[in-house]
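Sequence plus predicted model, see below.
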Amino acid sequence: MDFDYVIVGGGSAGCVLASRLSEDPAVQVALIEAGPPDTSPLIHCPAGIAVMVQTQSVSQGLDTVPQPGLAGRTGYQPRGRTLGGSSSTNAMVYIRGQHADYDTWADMGCPGWAWADVLPYFRKAEHNERLSDALHGQNGPLNVADVQSPSVFSKRFVEAGIQAGLPHNPDFNGVTQEGVGLYQVTQRAGERFSAAKAYLTPHRGRPNLHVMTGVTVDRVGLVQGVARQVHMVQNGAQRTLTARREIILCAGAFQSPAVLMRSGIGPAAHLQSLGIEVLHDLPGVGENLHDHPDVVLVADAADPSELFGLSLKGAWNTLKAIFEWRRQRTGQLTTNFAEGGAFYKSSPEVPHPDIQLHFVVAKLVNHGRKLTWGHGYSVHACLLQPRSRGRVQLANRDPNSPPLIDPQFLVDPEDMRRLVGGVRQAQRIMAQAPLAAFGREWAASANAKTDAEIEQWIRQNADTIYHPVGTCRMGQDELAVVDPELRVRGVPGLRVVDASVMPRVSSGNTNAPTIMLAEKAADMIRRAASTS
């Protein structure tokens, strides 16, 4: 039960680190994951995401506390719970964010994390099937491809965006993010290409890589002030793993701070209120939670051949698509649903695009959990750089209890002002002939005309688009949890490597940046080992 490195969490970052650190045959690496192996065919069939939403078989459906900015509603916070984490359950959109995002990280006290510093790690991770230039990698583990069989409605969305005044952008990860186009996705040959499939599956036979699933981590144990033990439960039995070099938390923006706090590392007053012995007072643990608030505009359309939905014709088309995908890995089930997208400014005075759209070839209601009859499409509008900040806290000391999640969505008035502007532009796109000729926006949003009416509709309908970050923030000030080397401040032998360390959320989907973080962290960890 002794290893050189113990990695807590088998999501995107954990898979990268397990792969990279185990490249050295002289070290023993343990990767522990709460969920099951990633063997479900629903994971590997891209369109299986629609069924996974219903079954919750490989994800954990968490809830927020009531949100004042959402009219007192409770938000939904699903997280992947299997090898690959949320990269095994997400919509597979490959977005790095804006170059300025990472320059801002450096300006916030994180030297070594500017765009010029992180670009080599994005390229190291990536194998892009279409793009080969100074901004894209060709030999990395993570396969990035165009959507194999995009719906004609996704192409109509792009045409509508151009007619609404947006430039066509064939590469959202290129020189500029602004514009409208089709997304690239983490797929290969008609299958999802998760972080587990990219980094872990090819190397499961390494004798120095030990992968454990179905494990609940309670806490990290300190030995003479150094993180050395991981206390966990597997198959009902309590076990302890020992790390000779480092323990690396990769459990995500909700669970990494929760593990720290159960370990006695966090804000002293909160820990004491739960009867947890304070081993290291670190007030920033759990703070700085933020996410991309998102609201969905839905339209009805009558084309079951190109849109997913509930109808007899749609069921027949899906049945045929299942047989095609099983035989050839082609056809309608290779969709990621969110095929098209756009980035634009909510108002002319904004320096960078602050709104992202996801065009979905189905009517998406309540995160896909509520099914509605008929066919249609959806347009997600999300705010890329929210100012609102919340926190994660423990409900109690039980590792099986979900944490208290409070993102404080839309409490900052500027967030609402920008999202209203973003919704107006989304409505203009939907009103263009390439879409309007084939669909009708639902009245609830279409009838919202004034800023006040749009704001009311947003508060009644907005929620997350699944990009929580920041709860173990990187930096050098007193509220930073980890330093720019991702080491937990004041606790030797312990790092955090996942989206929780982001000081500010990236402008777009967060999976690619999380993989980049882990690639860079692997080099930091190996460098530290070589000099120790």
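Received it, and whenever you're ready, just let me know what you need.

where exactly do the helices run in the stretch 201-350 of the chain?
252-262, 268-273, 312-328 (DSSP state H, counting those that start in this stretch).

Output the last one as PDB, nothing but the C-alphas.
Read it as helix 312-328. Written as PDB, here are the backbone C-alpha positions of helix 312-328 (Å, rounded to 0.1, in the frame of the first residue of the first chain):
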ATOM      1  CA  LEU A 312     -42.600   7.900 -33.700                       C
ATOM      2  CA  LYS A 313     -40.500   9.000 -36.700                       C
ATOM      3  CA  GLY A 314     -37.800  10.100 -34.400                       C
ATOM      4  CA  ALA A 315     -37.800   6.700 -32.600                       C
ATOM      5  CA  TRP A 316     -37.500   4.900 -35.900                       C
ATOM      6  CA  ASN A 317     -34.600   7.200 -37.000                       C
ATOM      7  CA  THR A 318     -32.800   6.600 -33.700                       C
ATOM      8  CA  LEU A 319     -33.200   2.800 -34.000                       C
ATOM      9  CA  LYS A 320     -31.700   2.900 -37.400                       C
ATOM     10  CA  ALA A 321     -28.900   5.100 -36.200                       C
ATOM     11  CA  ILE A 322     -28.100   2.700 -33.300                       C
ATOM     12  CA  PHE A 323     -27.500  -0.100 -35.800                       C
ATOM     13  CA  GLU A 324     -25.400   2.200 -38.000                       C
ATOM     14  CA  TRP A 325     -23.200   3.300 -35.200                       C
ATOM     15  CA  ARG A 326     -22.700  -0.300 -33.900                       C
ATOM     16  CA  ARG A 327     -21.700  -1.500 -37.400                       C
ATOM     17  CA  GLN A 328     -19.700   1.500 -38.700                       C
END
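
Now do Val118, the pLDDT please.
Note on Val118: pLDDT of 98.

Name all residues that make contact with it.
Tyr102, Met516, Lys520 (C-beta atoms under 8 Å, 6 or more residues apart in numbering). Bear in mind the C-beta positions are built from the backbone N, C-alpha and C, glycine included.

Out of these, who's the most crowded?
Among the contacts of Val118, the one with the most neighbours (other C-beta atoms under 10 Å) is Met516, at 28 neighbours.

Endpoints of stretch 284-300, how far apart?
45 Å (C-alpha to C-alpha, to the nearest Å).

ugh, typo on my part, it should be stretch 272-291
28 Å.

related to what we said a few turns ago, from the contacts of Val118, which land in helices?
Secondary structure from DSSP state H places Tyr102, Met516, Lys520 of the contacts of Val118 in helices.

distance of the first one from Val144?
Note on Tyr102: its distance to Val144, by C-beta to C-beta, to the nearest Å, is 19 Å.

swap in Asn169?
16 Å.

So between those two, which is more surrounded?
Val144 (24 against 21).

Number of residues surrounding the closest residue to Gly14 other than its chain neighbours?
Nearest residue to Gly14 in three dimensions, chain neighbours excluded: Cys250, at 3.8 Å (C-beta to C-beta, 6 or more residues apart in numbering). Residues lying near Cys250 (other C-beta under 10 Å) number 32.

which residues sit in contact with Cys250?
With C-beta under 8 Å, 6+ apart, Cys250 has these contacts: 7-11, 13-14, 17, 256, 496-498, 518.

quick one: Tyr102 and Gly236, what's the gap?
Using C-beta to C-beta, Tyr102 is found at 44 Å from Gly236.

circling back to that earlier point, quickly compare the helices of the stretch 201-350 of the chain and say which is most buried.
helix 252-262 (a mean of 27; mean count of other C-beta atoms under 10 Å).

for that helix, what is the average pLDDT?
On average, helix 252-262 scores 98.

same question, stretch 355-366
pLDDT averaged over stretch 355-366 gives 94.

For it, list the C-alpha coordinates in CSV.
What follows is stretch 355-366, C-alpha atoms only, in CSV (Å, rounded to 0.1, in the frame of the first residue of the first chain):
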residue,chain,number,x,y,z
ILE,A,355,-20.8,35.5,-24.3
GLN,A,356,-20.6,31.9,-25.7
LEU,A,357,-23.4,30.1,-27.5
HIS,A,358,-23.9,26.4,-27.8
PHE,A,359,-26.3,25.3,-30.5
VAL,A,360,-28.0,22.0,-29.6
VAL,A,361,-29.8,19.8,-32.1
ALA,A,362,-32.6,18.9,-29.6
LYS,A,363,-34.9,20.7,-27.2
LEU,A,364,-33.0,20.8,-24.0
VAL,A,365,-35.2,21.4,-20.9
ASN,A,366,-33.9,21.2,-17.3
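
buried ones in that stretch?
Ile355, Gln356, Leu357, His358, Phe359, Val360, Val361, Ala362, Lys363, Leu364, Val365 (16 or more other C-beta atoms under 10 Å).

which residue ranges form the strands in the stretch 301-450 of the chain?
309-310, 338-344, 355-360, 374-383, 390-393, 404-406, 439-441 (DSSP state E, counting those that start in this stretch).

which helices and strands sit right next to the first one?
In terms of contacts (3 or more C-beta pairs under 8 Å, 6 or more residues apart in numbering; DSSP states H and E), strand 309-310 is packed against strand 374-383.

okay but His270 is in contact with Gln393, surely?
Yes. Taking contacts as C-beta atoms under 8 Å, His270 lies within contact range of Gln393: 5.9 Å.

Quickly list what's touching both of the two.
Contact criterion C-beta under 8 Å, 6+ apart; residues shared by His270 and Gln393: Met261, Gly286.

Doesn't Phe153 belong to a helix?
Yes. Applying DSSP: H, G, I helix; E, B strand; the rest coil, one finds Phe153 inside a helix.

my guess is it meets Glu306, correct?
Yes. Using C-beta under 8 Å, Phe153 is in contact with Glu306, at 5.4 Å.

As a check, name the ranges of all helices in the stretch 1-150 of the chain.
With DSSP H, counting those that start in this stretch as the criterion, the stretch 1-150 of the chain has helices spanning 12-21, 41-44, 49-55, 99-107, 115-125.

How about the last one, which residues are buried there?
It refers to helix 115-125. Residues of helix 115-125 classed as buried: Trp115, Asp117, Val118, Leu119, Tyr121, Phe122, Arg123, Lys124, Ala125 (neighbour count, 16+ other C-beta under 10 Å).
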